[in-house]
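S.K.: With the input below, show me the fold.
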Amino acid sequence: MSAGEHHTRVELLEQNPALLREVETVCEHTGTYVYVREKAGIDVQLESTSQASTLDDWPEPVPLGGELPSVPTFDVALLPNLLRSLVEDTAERMQVPLDYPAVISVLCLAGVTNRRAAIQPKAVDTSWIVVPNLWGGIVAPPGLMKSPVISSMTQPLTQIESLWRTRVDRKTRATTLNAALVVFAGAHRNGTTTRNRKLSAKGRTPIAAAQKARWKK
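M.R.: Prediction:
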């Protein structure tokens, strides 16, 4: 019973004493205990003795315990062939379960694949495309080599990222140099080469800035 329903029934009993006496009579015949208290109105509380006895018959709760159920050992055959040797080598070198590097290897593969792989749930419905995402991690107490395993398994990706960043930086400098050459050629056609030579000597022209960028590379 909600608080609103309880309040409504109390008000009804307050307004109709005959109904209250009838309720008490019915409860006495059915073996129900009625407690009526007058304090800022009438508060009626009904408690079935049969329900109380049923609750008393519940057994004592049994402790769940802290032991976890046993699970099967991870099978490296579940991994793609290209990942098995890396996972086995990492687990052997670091003396950790196969689960640790296996989880990280699958997450790395999912991360680099990203939006390149998609799922089309319906064969002929090309408007419904889902890009799958994969989350995971290693759950273990402190000091069990979680971070070293993650660092070791992600090292190839870190090296590839560094190589790609270097290539992007080189392309950016080359683009800056080409833009400066275009500006210099346009200035030459407009007859401002003398002024540009003076500014170039002071390192203030776009071509001079591009040359400095090339020297730094």
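
S.K.: Name the spans of this structure whose pLDDT lies under the cut-off.
M.R.: Filtered on pLDDT under 70, the chain yields the residue ranges 1-7, 10, 13, 19-20, 23-56, 183-217.

S.K.: can you give me the helices for it?
M.R.: Defined through DSSP state H, the helices belonging to the chain, from first to last, are 3-15, 17-30, 49-56, 81-94, 99-113, 146-189, 193-201, 206-216.

S.K.: what is the orientation angle of the fifth one with helix 146-189?
M.R.: This means helix 99-113. Angle of helix 99-113 versus helix 146-189, following axes from the mean of the first three to the mean of the last three Cα atoms, to 10 degrees, is 20 degrees.

S.K.: and what of the fourth one?
M.R.: Relative orientation of helix 81-94 with respect to helix 146-189: 120 degrees, computed using the same axes, to 10 degrees.

S.K.: Mind giving me the packing neighbours of helix 81-94?
M.R.: In terms of contacts (3 or more Cβ pairs under 8 Å, 6 or more residues apart in numbering; DSSP states H and E), helix 81-94 is packed against helix 99-113, helix 146-189. (Each C-beta comes from the backbone N, C-alpha and C, glycine too.)

S.K.: and it, which residues are buried?
M.R.: When burial is assessed from 16 or more other Cβ atoms under 10 Å, helix 81-94 yields the following buried residues: 83-84, 86-87, 90-91.

S.K.: related to what we said a few turns ago, deepest of the helices and strands packed on helix 81-94, which one?
M.R.: helix 99-113 (a mean of 18; mean count of other Cβ atoms under 10 Å).

S.K.: Need the residues that contact that helix.
M.R.: With Cβ atoms under 8 Å, 6 or more residues apart in numbering as the contact definition, helix 99-113 has outside contacts at 74, 76, 78-80, 83, 86-87, 90-91, 94, 132-138, 140, 145-146, 149-150, 152-154, 157.

S.K.: Domains in this protein, by residue range?
M.R.: For the chain, whose domains are defined here by automatic domain parsing, the residue ranges read 3-55, 76-144, 164-216.

S.K.: that older thread, now the helices and strands packed on helix 81-94 as JSON lines including distance to residue 68?
M.R.: Putting those into JSON lines (distance: least, Cβ to Cβ, whole Å) gives the following:
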{"stretch": "helix 99-113", "distance to residue 68": "14"}
{"stretch": "helix 146-189", "distance to residue 68": "18"}
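
S.K.: Would you mind measuring from the closest residue to residue 144 other than its chain neighbours to residue 89?
M.R.: Taking Cβ to Cβ, 6 or more residues apart in numbering as the measure, residue 144 lies nearest to residue 96, with 7.2 Å between them; neighbours along the chain are not counted. Look at residue 96 and residue 89: by Cβ to Cβ, to the nearest Å, they are 12 Å apart.
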